[in-house]
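Undergrad: Attaching a predicted model along with its sequence, questions to come.
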Amino acid sequence: MTQIEKNNTSTDKAWNQLYSRLAEDGLLPETESHRRTFLRSATFKWVASIAVLLVSIVAVSIVVNQNLKDKHLLSLYNEKNEATLVTTLEDGSIVYLADQTSLKYPKHFERERREVFLQGNAFFDVKGNRKRPFVIETDLIQVEVLGTAFNVKGKDNDNFSLSVDRGEVKVTLKKTGQSIYVKAGETGLLRSDELHTMPTKDADQFYSYTRQIQFKDERLADVVRVINRNSEGVQLEVAPGLENRLLTVSFSNDSASSMAQLICMALNLECIRQEGKIRISESK
């Protein structure tokens, strides 16, 4: 067998594995004609790595709760050792959940404020709205923001910390009422029942959330928006009418181009490369 034949055999095997996993996740049409169309499009050299990426879809539960302040809340939980779970809230704010972290939030925010409840570690990219403050409640701390990006570490109540990437936040210790303001480049710490600020030492903490990310039943438009916010160079664009297609997918240190190709395969769409961007549209 020649080297080319061996490579073709390996590629076919990788595509068969990928197709099986996509089929198990219900991401492919069931007809034989669609299957042949899908396999004929399998010409990308990075297929083998994609087949592996699709295996580790995050375990997530979304249920309705009525316990916190008698509000109907949705609950999102990222299991232990899972990649970052990314979700976009109603207002456009993006939350990146670390493993063993839960987030409770309303389907529709109140008119006066946007309030969520966090247990664990998460990175928030909050959409600015001075008329509707964004409030994060934890067991010990309340965080109030108008629009910023910051990392909250609250798994251990005795070692709470908050690092701000952009903007400014107000942090309040519920037990004593003490409040501090934390600006970009600073970290707020809770030590011995008292809040303190210090310069942020670990700037890489903000980017660690995006190296391995996962989406569970997220709108295609929101997935693409997250990719564009965290990618340099080429940007993705979704054709009108496809924005609300739901997608479950995972990425691991992939380029924007590779992520676009994976999205198109999962949803049976087409990627059209244009100058400086990749357009995701219906297959012709």
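TA: Looks like it arrived, so ask away.
Undergrad: Please determine how far Ser257 is located from Gly233.
TA: According to Cβ to Cβ, to the nearest Å, Ser257 stands 9 Å off from Gly233. No exception for glycine: its C-beta is placed from N, CA and C like everyone else's.
Undergrad: Tell me which other helices or strands the helix or strand containing Asn151 touches.
TA: Element membership of Asn151, judged by DSSP states H and E, is strand 149-153. Under the contact criterion of 3 or more Cβ pairs under 8 Å, 6 or more residues apart in numbering; DSSP states H and E, strand 149-153 touches strand 121-125, strand 161-166.
Undergrad: What is the three-state secondary structure of the most centrally placed residue in the chain?
TA: The residue at the geometric middle of the chain, judged as the C-alpha nearest the mean C-alpha position with Cα atoms, centre = their mean, is Val86 (1.8 Å). Using DSSP: H, G, I helix; E, B strand; the rest coil, the structure places Val86 in strand.
Undergrad: coming back round to it: contacts for the strand holding Asn151?
TA: The list of residues contacting strand 149-153 from outside it, by Cβ atoms under 8 Å, 6 or more residues apart in numbering, reads 118, 121-126, 136, 138, 143, 159-167, 169, 182, 205-206, 209.
Undergrad: Buried residues, stretch 142-157. List them.
TA: With burial defined by 16 or more other Cβ atoms under 10 Å, the residues of stretch 142-157 counted as buried are 143-154.
Undergrad: would you list every one of the helices in the protein?
TA: With DSSP state H applied, the chain shows helices at 3-24, 32-40, 47-53, 220-229, 256-267, listed in chain order.
Undergrad: quick one: Gly154 and Lys201, what's the gap?
TA: Shown here: Gly154 relative to Lys201, a distance of 19 Å by Cβ to Cβ.
Undergrad: low-confidence ranges in the stretch 101-250 of the chain?
TA: Counting by pLDDT under 70, the stretch 101-250 of the chain shows low-confidence ranges at 155-158.
Undergrad: picking up where we left off before, figure out which of the helices and strands packed on strand 149-153 is closest to Ser283.
TA: Taking Cβ to Cβ as the criterion, Ser283 comes closest to strand 121-125 out of the helices and strands packed on strand 149-153, the separation being 31.9 Å.
Undergrad: Please name every helix or strand in contact with the closest one.
TA: With contacts taken as 3+ Cβ pairs under 8 Å, 6+ apart, strand 121-125 sits against strand 94-97, strand 101-105, strand 149-153.
Undergrad: got the angle between it and strand 101-105?
TA: Orientation check (axes from the mean of the first three to the mean of the last three Cα atoms, to 10 degrees): strand 121-125 against strand 101-105 gives 50 degrees.
Undergrad: Neighbouring strands of strand 121-125 in the sheet, and parallel or not?
TA: strand 94-97 (antiparallel), strand 149-153 (antiparallel) (DSSP bridges).
Undergrad: would you turn those into a markdown table with distance to Pro106?
TA: Rendered in a markdown table, the data for those read as follows (distance: least, Cβ to Cβ, whole Å):
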| stretch | distance to Pro106 |
| --- | --- |
| strand 94-97 | 13 |
| strand 149-153 | 19 |
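Undergrad: Compare the helices of the chain and say which comes out lowest on pLDDT.
TA: Mean pLDDT is lowest for helix 47-53 among those, at a mean of 32.
Undergrad: With neighbour numbers in mind, choose between Ser257 and Gly233.
TA: The neighbour comparison of Ser257 against Gly233 (other Cβ atoms under 10 Å) goes to Ser257, with 17 against 9.
Undergrad: Isn't that one up against Ile280?
TA: No: here Ser257 does not reach Ile280: they are 11.7 Å apart, not a contact under Cβ atoms under 8 Å.
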